[in-house]
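Trainee: Give me a model of this one.
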Amino acid sequence: MYNWSTDEEALKNDPEAHAIWKLEQMVNFGLNDEKLSTTALLKYWDRLTLDPHRKSVLAFLLHG
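Mentor: I've put the predicted structure just below:
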């Protein structure tokens, strides 16, 4: 994943913030041949800032 506006090295000092940021980037802007972790999505679900339409589709896929 490429992101020119975020210092990933500094963000990696906080593993939880980095995990949330990475999930948001992958969902909102593309996976780049990576797979989403269902466990991570469920763990951080309430803290993710996602496009509302994408979040509703993911909620349907995760929760049925």
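
Trainee: Helix or strand: which one has Glu16?
Mentor: Following DSSP states H and E, one finds Glu16 within helix 15-29.

Trainee: so how many other residues sit close to Leu23?
Mentor: Leu23 has 21 neighbouring residues, counting by other CB atoms under 10 Å. All C-beta atoms are positioned from the backbone trio N, CA, C, and that covers glycine.

Trainee: That one touches Tyr44, doesn't it?
Mentor: Yes - the pair Leu23 / Tyr44 is scored as a contact, 6.2 Å apart, by CB atoms under 8 Å.

Trainee: what sits against the most centrally placed residue in the chain?
Mentor: In the chain, the centroid-proximal residue (CA atoms, centre = their mean) is Leu23; its distance is 1.2 Å. Residues in contact with Leu23 (CB atoms under 8 Å, 6 or more residues apart in numbering) are 36-37, 40-41, 44, 48.

Trainee: wait, which of the residues you listed is closest to Leu62?
Mentor: Closest approach between the contacts of Leu23 and Leu62, by CB to CB: Leu41, at 6.4 Å.

Trainee: Give me the pLDDT for the closest one.
Mentor: Looking at Leu41, its pLDDT is 94.

Trainee: And Phe29, by the same measure?
Mentor: As predicted, Phe29 sits at a pLDDT of 84.

Trainee: residues near it, how many?
Mentor: Each residue near Phe29 was counted by other CB under 10 Å, and the total is 12.

Trainee: Next one: it relative to Asp51, how far apart?
Mentor: Remark: distance between Phe29 and Asp51 (CB to CB, to the nearest Å) = 10 Å.

Trainee: Report the helix or strand with the lowest average pLDDT across the chain.
Mentor: helix 8-11 (a mean of 83; mean pLDDT, DSSP states H and E).

Trainee: With just CA atoms, put that helix into CSV.
Mentor: C-alpha atoms of helix 8-11 as CSV (Å, rounded to 0.1, in the frame of the first residue of the first chain):
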residue,chain,number,x,y,z
GLU,A,8,4.0,5.2,8.5
GLU,A,9,7.2,4.7,10.5
ALA,A,10,5.9,7.1,13.2
LEU,A,11,2.5,5.5,13.1
